[in-house]
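>>> Got a predicted structure here, sequence first:
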Amino acid sequence: MDISKGRVASLHVHPAEAEGPMLSVEDITLVEGKGIVQDVRYFDRKDRDGQPRRRQVTLIEREQIGEHAAVLGLPAITPGRVRSNIETDGISLIECIGNQLQIGEAILLNYDPRTPCAQMDVVAPGLREKIRLRQLEGRYHTPAGEERTLDITVSSVQTSDSAVLGAACLINDRTEMTQIRRQQELRGEMSAEMALELRNSLTTISGYAQQLAASRDAELARQLAADIAAEAAHLDRTIGGFLASARAAKAGTKA
(Lines give C-alpha, C1' and ligand atoms only; values in the text may rest on other atoms or scores of the structure.)
Protein backbone atom coordinates (compact mmCIF):
# COMPACT_ATOMS: atom_id res chain seq x y z
CA MET A 1 0.00 0.00 0.00
CA ASP A 2 1.48 3.32 -1.08
CA ILE A 3 0.88 6.18 1.32
CA SER A 4 2.08 9.66 0.26
CA LYS A 5 2.65 12.60 2.54
CA GLY A 6 1.01 16.01 2.34
CA ARG A 7 -1.38 18.30 4.18
CA VAL A 8 -5.12 18.93 3.89
CA ALA A 9 -5.49 22.69 3.39
CA SER A 10 -9.31 22.84 3.32
CA LEU A 11 -12.44 20.68 2.96
CA HIS A 12 -15.55 21.46 0.89
CA VAL A 13 -18.88 19.85 0.00
CA HIS A 14 -21.51 20.70 -2.61
CA PRO A 15 -24.68 22.49 -1.56
CA ALA A 16 -28.09 20.93 -2.07
CA GLU A 17 -28.90 23.27 -4.97
CA ALA A 18 -27.11 22.89 -8.30
CA GLU A 19 -24.25 25.31 -9.10
CA GLY A 20 -24.45 26.91 -5.65
CA PRO A 21 -21.19 27.88 -3.90
CA MET A 22 -19.26 25.12 -2.19
CA LEU A 23 -19.60 24.86 1.58
CA SER A 24 -16.46 24.84 3.71
CA VAL A 25 -16.47 22.25 6.48
CA GLU A 26 -14.13 21.26 9.30
CA ASP A 27 -14.36 17.51 8.70
CA ILE A 28 -15.96 14.98 6.38
CA THR A 29 -17.13 11.39 6.73
CA LEU A 30 -16.21 8.98 3.94
CA VAL A 31 -18.05 5.76 3.15
CA GLU A 32 -16.41 3.15 0.95
CA GLY A 33 -18.01 2.96 -2.49
CA LYS A 34 -20.32 5.91 -1.78
CA GLY A 35 -18.24 9.02 -1.16
CA ILE A 36 -18.66 11.88 1.31
CA VAL A 37 -21.72 11.69 3.57
CA GLN A 38 -21.99 15.49 3.82
CA ASP A 39 -21.80 15.87 0.02
CA VAL A 40 -25.53 15.22 -0.32
CA ARG A 41 -25.83 15.87 -4.08
CA TYR A 42 -23.20 13.28 -4.99
CA PHE A 43 -23.21 10.81 -2.10
CA ASP A 44 -23.93 7.22 -3.20
CA ARG A 45 -24.47 8.17 -6.86
CA LYS A 46 -24.46 5.36 -9.38
CA ASP A 47 -23.33 5.19 -12.98
CA ARG A 48 -25.52 4.12 -15.91
CA ASP A 49 -24.98 0.47 -15.06
CA GLY A 50 -26.09 0.99 -11.48
CA GLN A 51 -22.55 0.65 -10.14
CA PRO A 52 -20.86 3.12 -7.73
CA ARG A 53 -19.25 6.00 -9.57
CA ARG A 54 -15.48 5.92 -9.65
CA ARG A 55 -15.15 9.60 -8.81
CA GLN A 56 -16.47 9.88 -5.27
CA VAL A 57 -14.03 12.46 -3.87
CA THR A 58 -12.19 15.21 -5.76
CA LEU A 59 -8.83 16.71 -4.81
CA ILE A 60 -6.70 19.58 -6.09
CA GLU A 61 -3.38 21.10 -5.04
CA ARG A 62 -3.32 24.59 -3.54
CA GLU A 63 -0.04 25.13 -5.40
CA GLN A 64 -1.80 24.42 -8.70
CA ILE A 65 -4.60 26.84 -7.83
CA GLY A 66 -2.02 29.54 -7.06
CA GLU A 67 -0.22 28.95 -10.35
CA HIS A 68 -3.44 29.27 -12.33
CA ALA A 69 -4.41 32.45 -10.49
CA ALA A 70 -1.04 34.02 -11.30
CA VAL A 71 -1.24 33.10 -15.00
CA LEU A 72 -4.78 34.45 -15.25
CA GLY A 73 -3.82 37.71 -13.51
CA LEU A 74 -5.88 37.04 -10.38
CA PRO A 75 -4.65 37.98 -6.90
CA ALA A 76 -5.95 34.65 -5.60
CA ILE A 77 -8.65 32.03 -6.00
CA THR A 78 -10.51 31.52 -2.74
CA PRO A 79 -10.71 28.05 -1.14
CA GLY A 80 -13.56 25.96 -2.52
CA ARG A 81 -13.95 28.08 -5.65
CA VAL A 82 -12.61 25.36 -7.96
CA ARG A 83 -15.25 22.97 -6.57
CA SER A 84 -12.99 20.22 -5.25
CA ASN A 85 -13.76 18.42 -2.02
CA ILE A 86 -10.21 18.45 -0.71
CA GLU A 87 -7.56 21.08 -1.34
CA THR A 88 -4.07 19.84 -0.52
CA ASP A 89 -0.71 21.41 0.23
CA GLY A 90 2.77 19.96 -0.18
CA ILE A 91 1.97 16.97 -2.40
CA SER A 92 2.00 16.35 -6.16
CA LEU A 93 -1.28 14.59 -6.83
CA ILE A 94 -0.45 13.87 -10.47
CA GLU A 95 2.57 11.85 -9.33
CA CYS A 96 0.32 9.85 -7.00
CA ILE A 97 -2.03 8.60 -9.72
CA GLY A 98 -2.57 4.88 -9.27
CA ASN A 99 -1.50 5.07 -5.63
CA GLN A 100 -3.35 5.30 -2.34
CA LEU A 101 -3.56 8.43 -0.17
CA GLN A 102 -4.35 8.31 3.52
CA ILE A 103 -6.37 11.28 4.77
CA GLY A 104 -7.22 10.97 8.42
CA GLU A 105 -8.54 7.45 8.88
CA ALA A 106 -9.67 7.10 5.26
CA ILE A 107 -7.63 5.65 2.40
CA LEU A 108 -8.40 6.93 -1.10
CA LEU A 109 -7.33 5.55 -4.46
CA ASN A 110 -6.06 8.37 -6.65
CA TYR A 111 -7.06 6.81 -9.95
CA ASP A 112 -7.39 9.58 -12.54
CA PRO A 113 -6.91 13.34 -13.14
CA ARG A 114 -10.12 15.28 -12.67
CA THR A 115 -11.88 16.56 -15.79
CA PRO A 116 -12.73 20.24 -15.11
CA CYS A 117 -16.31 21.33 -15.72
CA ALA A 118 -17.64 24.52 -17.33
CA GLN A 119 -18.04 26.07 -13.85
CA MET A 120 -14.29 26.73 -13.87
CA ASP A 121 -14.72 29.41 -16.53
CA VAL A 122 -17.30 31.07 -14.28
CA VAL A 123 -14.52 31.51 -11.71
CA ALA A 124 -12.23 33.00 -14.35
CA PRO A 125 -12.27 32.74 -18.17
CA GLY A 126 -9.60 30.25 -19.23
CA LEU A 127 -9.38 28.44 -15.89
CA ARG A 128 -10.98 25.27 -17.23
CA GLU A 129 -8.26 24.85 -19.82
CA LYS A 130 -5.53 25.65 -17.30
CA ILE A 131 -6.70 22.88 -14.98
CA ARG A 132 -6.49 20.41 -17.85
CA LEU A 133 -2.77 21.09 -18.02
CA ARG A 134 -0.31 19.77 -15.45
CA GLN A 135 3.42 20.37 -15.30
CA LEU A 136 6.03 18.15 -13.68
CA GLU A 137 9.78 18.37 -13.35
CA GLY A 138 11.72 15.14 -13.78
CA ARG A 139 15.31 14.02 -13.95
CA TYR A 140 16.59 11.68 -16.65
CA HIS A 141 19.95 9.94 -16.84
CA THR A 142 21.19 9.41 -20.38
CA PRO A 143 22.98 6.17 -21.38
CA ALA A 144 26.22 8.16 -21.05
CA GLY A 145 25.38 8.92 -17.41
CA GLU A 146 24.52 12.60 -17.90
CA GLU A 147 21.66 13.95 -15.81
CA ARG A 148 19.08 16.04 -17.67
CA THR A 149 16.28 18.13 -16.16
CA LEU A 150 13.00 17.83 -18.02
CA ASP A 151 9.77 19.84 -17.85
CA ILE A 152 6.82 17.56 -18.62
CA THR A 153 3.42 19.10 -19.46
CA VAL A 154 0.48 16.72 -19.50
CA SER A 155 -2.88 17.69 -21.00
CA SER A 156 -5.99 15.57 -21.32
CA VAL A 157 -7.40 15.01 -24.81
CA GLN A 158 -11.20 15.05 -24.90
CA THR A 159 -14.05 14.59 -27.33
CA SER A 160 -16.66 17.28 -27.95
CA ASP A 161 -18.84 15.80 -25.19
CA SER A 162 -15.93 15.94 -22.69
CA ALA A 163 -15.16 12.22 -22.73
CA VAL A 164 -11.46 11.58 -22.09
CA LEU A 165 -9.67 9.98 -25.05
CA GLY A 166 -6.19 10.06 -23.58
CA ALA A 167 -3.40 12.48 -22.78
CA ALA A 168 -0.89 14.58 -24.70
CA CYS A 169 2.59 14.99 -23.26
CA LEU A 170 5.10 17.76 -24.07
CA ILE A 171 8.69 17.31 -22.86
CA ASN A 172 11.06 20.28 -22.67
CA ASP A 173 14.77 19.93 -21.76
CA ARG A 174 15.58 22.62 -19.18
CA THR A 175 18.97 21.31 -18.09
CA GLU A 176 20.93 24.45 -18.98
CA MET A 177 18.40 26.77 -17.32
CA THR A 178 18.45 24.61 -14.19
CA GLN A 179 22.25 24.74 -14.05
CA ILE A 180 22.21 28.53 -14.40
CA ARG A 181 19.60 28.81 -11.64
CA ARG A 182 21.69 26.62 -9.34
CA GLN A 183 24.78 28.72 -9.97
CA GLN A 184 22.82 31.89 -9.21
CA GLU A 185 21.51 30.37 -5.99
CA LEU A 186 25.03 29.31 -5.03
CA ARG A 187 26.36 32.80 -5.71
CA GLY A 188 23.58 34.23 -3.56
CA GLU A 189 24.50 31.90 -0.70
CA MET A 190 28.19 32.77 -1.10
CA SER A 191 27.40 36.50 -1.16
CA ALA A 192 25.39 36.21 2.06
CA GLU A 193 28.19 34.22 3.72
CA MET A 194 30.73 36.75 2.48
CA ALA A 195 28.73 39.67 3.85
CA LEU A 196 28.56 37.98 7.25
CA GLU A 197 32.31 37.34 7.26
CA LEU A 198 33.00 40.96 6.33
CA ARG A 199 30.70 42.24 9.03
CA ASN A 200 32.26 40.02 11.70
CA SER A 201 35.81 40.99 10.73
CA LEU A 202 35.03 44.71 10.59
CA THR A 203 33.31 44.53 13.98
CA THR A 204 36.38 42.81 15.45
CA ILE A 205 38.78 45.32 13.90
CA SER A 206 36.62 48.22 15.11
CA GLY A 207 36.66 46.84 18.65
CA TYR A 208 40.44 46.48 18.63
CA ALA A 209 40.85 50.00 17.21
CA GLN A 210 38.65 51.51 19.94
CA GLN A 211 40.69 49.75 22.63
CA LEU A 212 43.91 50.93 20.98
CA ALA A 213 42.72 54.53 20.90
CA ALA A 214 41.81 54.46 24.59
CA SER A 215 44.95 52.59 25.77
CA ARG A 216 48.07 54.23 27.21
CA ASP A 217 49.83 50.92 27.76
CA ALA A 218 52.55 50.44 25.15
CA GLU A 219 52.57 46.64 25.49
CA LEU A 220 48.78 46.45 25.14
CA ALA A 221 48.94 48.79 22.14
CA ARG A 222 51.42 46.47 20.41
CA GLN A 223 49.20 43.47 21.12
CA LEU A 224 46.11 45.25 19.79
CA ALA A 225 47.97 46.32 16.66
CA ALA A 226 49.04 42.70 16.10
CA ASP A 227 45.45 41.54 16.56
CA ILE A 228 44.23 44.10 14.03
CA ALA A 229 46.85 42.94 11.53
CA ALA A 230 45.87 39.28 12.08
CA GLU A 231 42.18 40.01 11.57
CA ALA A 232 42.97 42.04 8.43
CA ALA A 233 44.97 39.07 7.08
CA HIS A 234 42.04 36.76 7.84
CA LEU A 235 39.74 39.15 5.98
CA ASP A 236 42.11 39.20 3.01
CA ARG A 237 42.14 35.40 2.86
CA THR A 238 38.33 35.29 3.06
CA ILE A 239 37.94 37.74 0.19
CA GLY A 240 40.56 35.88 -1.84
CA GLY A 241 38.72 32.59 -1.38
CA PHE A 242 35.44 34.18 -2.40
CA LEU A 243 36.96 35.66 -5.57
CA ALA A 244 38.63 32.35 -6.47
CA SER A 245 35.31 30.53 -6.12
CA ALA A 246 33.56 33.15 -8.26
CA ARG A 247 36.21 32.79 -10.98
CA ALA A 248 35.89 29.00 -10.89
CA ALA A 249 32.09 29.22 -11.21
CA LYS A 250 32.44 31.63 -14.14
CA ALA A 251 34.92 29.32 -15.88
CA GLY A 252 32.55 26.39 -15.36
CA THR A 253 29.71 28.34 -16.96
CA LYS A 254 31.82 29.14 -20.04
CA ALA A 255 32.89 25.52 -20.35
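The structure has been received and is ready for your questions.
>>> Let's test this: mean pLDDT of the longest helix seen in the chain, rounded?
As assigned by DSSP state H, the longest helix anywhere in the chain is helix 175-214. Helix 175-214 comes out with an average pLDDT of 74.
>>> on contacts alone, who are the packing partners of the helix or strand following it?
Later in the chain than helix 175-214, the nearest helix or strand by DSSP states H and E is helix 218-254. Counting contacts by 3 or more Cβ pairs under 8 Å, 6 or more residues apart in numbering; DSSP states H and E, helix 218-254 packs against helix 175-214. (Glycine included, C-beta is placed from N, CA and C.)
>>> Buried residues, the helix it packs on. List them.
Across helix 175-214, burial judged by 16 or more other Cβ atoms under 10 Å covers 178, 194, 197, 201, 204-205, 208, 212.
>>> again, but for stretch 30-38
Within stretch 30-38, the residues that count as buried by 16+ other Cβ under 10 Å are 30, 34-36, 38.
>>> Can you name the residues in contact with stretch 52-69?
Outside stretch 52-69, the residues within contact range by Cβ atoms under 8 Å, 6 or more residues apart in numbering are 9, 30, 33-36, 42, 44-47, 75-77, 82-89, 91-93, 101, 108, 110-112, 114, 124, 127, 130-131, 134.
>>> re the thing from before, need the buried residues of helix 175-214 in TSV with distance to Gln51, can you?
Listed next are the buried residues of helix 175-214 as TSV, based on distance: Cβ to Cβ, whole Å:
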residue	distance to Gln51
Thr178	46
Met194	65
Glu197	68
Ser201	74
Thr204	76
Ile205	79
Tyr208	83
Leu212	88
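>>> which of those residues lies closest to Ala233?
Ser201 (10.1 Å; Cβ to Cβ).
>>> okay but that closest one is in contact with His234, surely?
Yes: using Cβ atoms under 8 Å, Ser201 is in contact with His234, at 6.4 Å.
>>> Identify the contacts common to the two.
By Cβ under 8 Å, 6+ apart, no residue touches both Ser201 and His234.
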